[in-house]
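In: structure, please.
(2 chains)
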Amino acid sequence: MINVDSQKAFLKQLKGACGHVIVDQSRMKVYETDGLTAKKALPAYVALPETIEEIQACMRLCHAFDVPVVARGAGTGLSGGAMPHEQGLLLSLAKFNRILEVDVDNRLARVEPGVTNLSISDRVRPLGLYYAPDPSSQIACTIGGNVAENSGGVHCLKYGLTVHNVRHLTLVSPQGELYELGSHGYDSAGFDLLALLHGSEGMLGIVVEVTVALLSVPEEVSVVLAGFDSTQEASEAVGAIISGGLLPAGLEMMDRLAIQAAEDFVNAGYPRDAAALLLCELDGSAEEVNQQLHQLRQILTDGGATNIKVAATQEERHKLWLGRKAAFPAVGRLAPDYYCMDGTVPRKALTAVLERISELSRQFDLRVANVFHAGDGNLHPLILFDANQPGELDKAEAFGAQILELCIEKGGTITGEHGVGIEKIDQMCVQFTSQELSLFHGIKAAFDATGILNPGKAVPTLSRCAEFGAMHVHRGNEKFPELERF
Amino acid sequence: MVIKDAAQFLESCTSHSQPVILQGSDTKAFLGRKVDPNNSPAEILSINEHSGIIHYEPTELVIQVRSGSKLADVTAVLEENGQMFAFEPANFNGQSTIGGMVAAGLSGSRRPYAGSVRDFVLGAEMLSATGELINFGGQVMKNVAGYDVSRLLVGSLGCLGLITNVSFKVLPKPEQEMTLRLEMSRADALLKMRELVNSPLVSATAHFDGQLMIRLSGKVKSVNDFSKRLGGELIATESSCWDAIDGQSIFPSEQKLWKVSTAPMSPLFLDEAYLIDWGGAQRWLLESERDIWAEVDKYSSATLMRDSAGGEYVHDGEEVFQPLSTLQKNLHISLKTKFDPAGILNAGRMYSWL
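Out: This next block holds a predicted model:
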């Protein structure tokens, strides 16, 4: 859609289709970025529909006029997935914020996409239930965004990601048609499109209703803090805990810079002199937790922990987690800006990767704090910089890109839970071959033939990769890496 | 057949529109329709020779296996290390392959308590219909780069490509397992299942023939203590009942067998079901006359698991899986076209139109 007449016609019809449309630039400014604030764009239009019919009407219109659509929840995403398209419509789902039904018998909650993650647990906790995936932004992030990013969180080590905890989705297609995926049982017919939609970053459809599985609040929960003299010892303890047959609900690690920042910020009672700490949460029946606690103490002691603290009461647990949950804003106080990375590596590679990151930190002359989901190898290095210093943002981004490529080299991935968005689109060229990227484009086309949903995000075009100059052979392998084995 | 040969074979089949049947040991011929290419007869491409464990590190809880590997062999290796596939796949005739297990996507008795096949798939390598070797996901627990093709392959019945190897998350085996039997009506059993869904020690439940079977898994002392609280009779051969359900040998073979997946406490076919399991969420029906699909609500689905003859494939022309909406059907056709442009792979196995 390029000519002025059709833009006018589109806007007129858009205002007819949806009661709440914004075109005033100053009022659109709040939508110019998501959690990745370095990437900004003003959309051409913002719509805040209130009913599914309004969403359908918006989509029919955008489809007819070939106007790009970027769906947005709370805008807490960290990869620029909700960054607006300058010629496009920013479709905010903020008004879809109701919990429609709690089915206690089947332990399901049917919710609108703009409901915040935490509000689901808050609603069902009096019934002894909760929703397990708990991204750190859970107070603000929405369930629709969680589906788009396949969000994880502290407890996904034991309870899985969003994809493991969603049973049914209602969607609007790019043509404005309503359809459903999944079931209220554990199976559904056909290809597993429900799984495919998770982590699809708003590229395949607009989620308008989500049915999530609820779990029972565990009988007993215990949180253990262990301080170590080196990140290596802490990393090795992570391996020992997992291979010892324990399955903690959460297993988190923080390094010295993060520990001190968190202590200064919230006074959680962390050992300031430790080089690294682990936070390990155990849950289950009282009996199981007791036995696991005994085993965990042994593993931590054998692993050289200098400081072990067990929180038994709710308040003590809360205090220990408080430092972890406040770690990002705490680190944020150390420098004007920070850049949060999100690679995942096999657990055994943790030590090597952390060492290399601190080498890179010296090389780039930028400080890094590490606060991350150690149990599943999901790193979140926070690169500290000052965007007002010329060249520092570029330097931070170059540093970040090297960390991501390091993750791929160690057999990991460029994004564990934050998504590709616009931020990591070039690194996709490193992780995937052109054949694999072509198939992604094929999947996209099957759902969105004209490509109006979130164009330019998540999957790079082959020409972009050629320009980036990083169309690598997959994981350094040849096409038939296993030939010699036969 | 090695991968290179398979790749060339597929590439040639696509360019000549030659239909292909992808299979492992063909132990799940009962599932889905007979492959029915319209024109020329299909060639069989078996992945059986492509076997072996590529990578297994017990401390990482990850195993990567070639798809022709026998499930029994892989399970044995996991057991040696005190680990397991937590989704409890059935080993049909003892010959099932890893590729078939993933392509069929059938999870076993532990499913409601631990997760499904797709929940434990971390990554997969496949040969496309045009013979390209492509790779999705990986060996790490969390990975959101690109669309989740490896999970899409689970249950795709060989309609999207030839799965060549798969990486799984594995879990430690519980220290102790035991199965208890309690005499109980269907209605009471369902309530008991609902109550037990709260317990981290319960790993399987089923009700049939007036008896509720409950399997407990966990630390020895916890399991023993909990079993005393539950009461009922301890079953000596603990695994057999669950293997018989998951392997479907528990069902009389002379009637049509339906599997209905629904919300655990749904009233759907509750009393008519021959057996209910998965905490109530799966109902097995022996039923020849009724139009089961028509009775299923939109949040549930039914699958014809076995024909009345007790044989392998359901008759040509008849559907086996819950019919899809027009929009879903179109999505399936578009996706199939992207993965398999000439439509040569397992044509008609899932739906007559796919």
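In: low-confidence ranges in the chain?
Out: You didn't say which chain, so I picked chain A. Applying pLDDT under 70 to chain A flags the ranges A:1-2, A:469-486.
In: try again with chain B
Out: For chain B, the ranges with pLDDT under 70 are B:1, B:37-39, B:237-239, B:308-317.
In: can you do 50?
Out: Chain B contains no residues with pLDDT under 50.
In: work out which residue lies at the spatial centre of it.
Out: When C-alpha atoms, centre = their mean is applied to chain B, the residue found nearest the centroid is B:Leu106 (0.8 Å).
In: list the contacts for it?
Out: The neighbours of B:Leu106, taking C-beta atoms under 8 Å, 6 or more residues apart in numbering or on different chains as the test, are B:Lys28, B:Leu31, B:Pro89, B:Ala90, B:Val117, B:Asp246. (Each C-beta comes from the backbone N, C-alpha and C, glycine too.)
In: for these, give me TSV that also has secondary structure and distance to B:Glu319.
Out: Converted to TSV, the contacts of B:Leu106 look like this (DSSP: H, G, I helix; E, B strand; the rest coil; distance: C-beta to C-beta, whole Å):
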residue	secondary structure	distance to B:Glu319
B:Lys28	coil	17
B:Leu31	coil	13
B:Pro89	coil	25
B:Ala90	coil	23
B:Val117	helix	23
B:Asp246	helix	24
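In: looking at these, which one is closest to chain A?
Out: Chain A lies nearest to B:Val117 out of the contacts of B:Leu106, by C-beta to the nearest C-beta, at 9.8 Å.
In: count of neighbours near that closest one?
Out: 26 (other C-beta atoms under 10 Å in any protein chain shown).
In: list the contacts for it?
Out: By C-beta under 8 Å, 6+ apart, the neighbours of B:Val117 are B:Phe87, B:Pro89, B:Met101, B:Val102, B:Gly105, B:Leu106, B:Ser107, B:Val154, B:Gly155.
In: one more: A:Asn97?
Out: Here A:Asn97 is in contact with A:Glu112, A:Gly114, A:Val115, A:Thr116, A:Thr142 (C-beta under 8 Å, 6+ apart).
In: over to A:Pro390?
Out: So A:Pro390 contacts nothing (C-beta under 8 Å, 6+ apart).
In: assign the residue found closest to B:Val296 once you drop the neighbours it is linked to in the chain to helix, strand or coil.
Out: Spatial nearest neighbour of B:Val296, excluding adjacent residues (C-beta to C-beta, 6 or more residues apart in numbering or on different chains): B:Ala302 at 5.0 Å. Classification of B:Ala302 using DSSP: H, G, I helix; E, B strand; the rest coil returns strand.
In: correct me, but B:Ala302 touches B:Lys256?
Out: No - look at B:Ala302 against B:Lys256 with C-beta atoms under 8 Å: they stay out of range, at 11.3 Å.
In: so how far is chain B from A:Ala262?
Out: Distance, A:Ala262 to chain B, by C-beta to the nearest C-beta, to the nearest Å: 23 Å.
In: and that residue, what helix or strand is that in?
Out: Using DSSP states H and E, A:Ala262 sits within helix A:256-266.
In: so which residues of the stretch 51-200 of chain B form strands?
Out: In the stretch 51-200 of chain B, the strands defined using DSSP state E, counting those that start in this stretch lie at B:53-57, B:62-66, B:83-84, B:121-127, B:133-137, B:162-169, B:171-172, B:176-183.
In: right, and those - which one's nearest chain A?
Out: strand B:171-172 (4.1 Å).
In: who touches the closest one?
Out: A:Gly245, A:Leu247, B:Leu61, B:Gly82, B:Gln83, B:Met84, B:Ala86, B:Ala114.
In: at 10 Å what do you get?
Out: The contact list for strand B:171-172, computed with C-beta atoms under 10 Å, 6 or more residues apart in numbering or on different chains, reads A:242-247, B:58, B:61, B:78, B:81-87, B:110, B:114-115, B:120.
In: what about those, which are in helices?
Out: With helices defined by DSSP state H, the entries of the contacts of strand B:171-172 inside them are A:Ile242, A:Ser243, B:Leu78, B:Ala114, B:Phe120.
In: now a PyMOL select for only the buried ones of those residues.
Out: Of the ones in helices among the contacts of strand B:171-172, the buried ones go into a single PyMOL selection, burial set by 16 or more other C-beta atoms under 10 Å in any protein chain shown:
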select buried, (chain A and resi 242+243) or (chain B and resi 78+114+120)
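In: which two of the ones in helices among the contacts of strand B:171-172 have the greatest separation?
Out: A:Ser243 and B:Ala114 (19.1 Å; C-beta to C-beta).
In: ranges for the strands of the stretch 301-450 of chain A?
Out: A:307-311, A:337-340, A:368-372, A:381-385.
In: what does the stretch 251-354 of chain B give?
Out: According to DSSP E, counting those that start in this stretch, the strands that the stretch 251-354 of chain B contains are B:257-261, B:275-277, B:282-286, B:301-306.
In: mind putting the ones you listed in a markdown table, mean neighbour count included?
Out: Formatted as a markdown table, these follow (neighbours: other C-beta atoms under 10 Å in any protein chain shown):
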| stretch | mean neighbour count |
| --- | --- |
| strand B:257-261 | 23 |
| strand B:275-277 | 23 |
| strand B:282-286 | 22 |
| strand B:301-306 | 22 |
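In: quick one, which of the ones you listed is nearest to A:Leu42?
Out: strand B:301-306 (44.6 Å).
In: touching chain B at all, stretch A:57-71?
Out: No - using C-beta under 10 Å from any C-beta of the partner chain, stretch A:57-71 stays clear of chain B, coming no nearer than 13.3 Å.
In: start and end of that stretch, how far apart?
Out: 14 Å (C-alpha to C-alpha, to the nearest Å).
In: run the chain-centre distance for it.
Out: The chain centre lies 26 Å from the centre of stretch A:57-71; the measure is C-alpha atoms, centre = their mean, to the nearest Å.
In: that one: which residues count as buried?
Out: A:57-63, A:65, A:67-71.
In: wait, which of those residues is closest to B:Val140?
Out: Using C-beta to C-beta, the buried residues of stretch A:57-71 come closest to B:Val140 at A:Ala71, 27.6 Å.
In: what sits against that closest one?
Out: By C-beta under 10 Å, 6+ apart, the neighbours of A:Ala71 are A:55, A:59, A:81-82, A:89-93, A:113, A:144-145, A:148, A:172, A:201-203, A:205-208, A:453-454.
In: what do you get for B:Ser300?
Out: A:183-185, A:187-188, B:260-263, B:266, B:268-269, B:281, B:283, B:322 are the contacts of B:Ser300 under C-beta under 10 Å, 6+ apart.
In: B:Asn346: neighbour count?
Out: Using other C-beta under 10 Å: B:Asn346 sits among 26 other residues.
In: one more: A:Gly19?
Out: A:Gly19 has 13 nearby residues by other C-beta under 10 Å.
In: which residues does it contact?
Out: By C-beta under 10 Å, 6+ apart, the residues touching A:Gly19 are A:Ala47, A:Leu48, A:Pro49, A:Glu50, A:Thr51, A:Glu54, A:Lys95.
In: does it count as helix, strand or coil?
Out: coil.
In: any idea how far it is from chain B?
Out: 26 Å.
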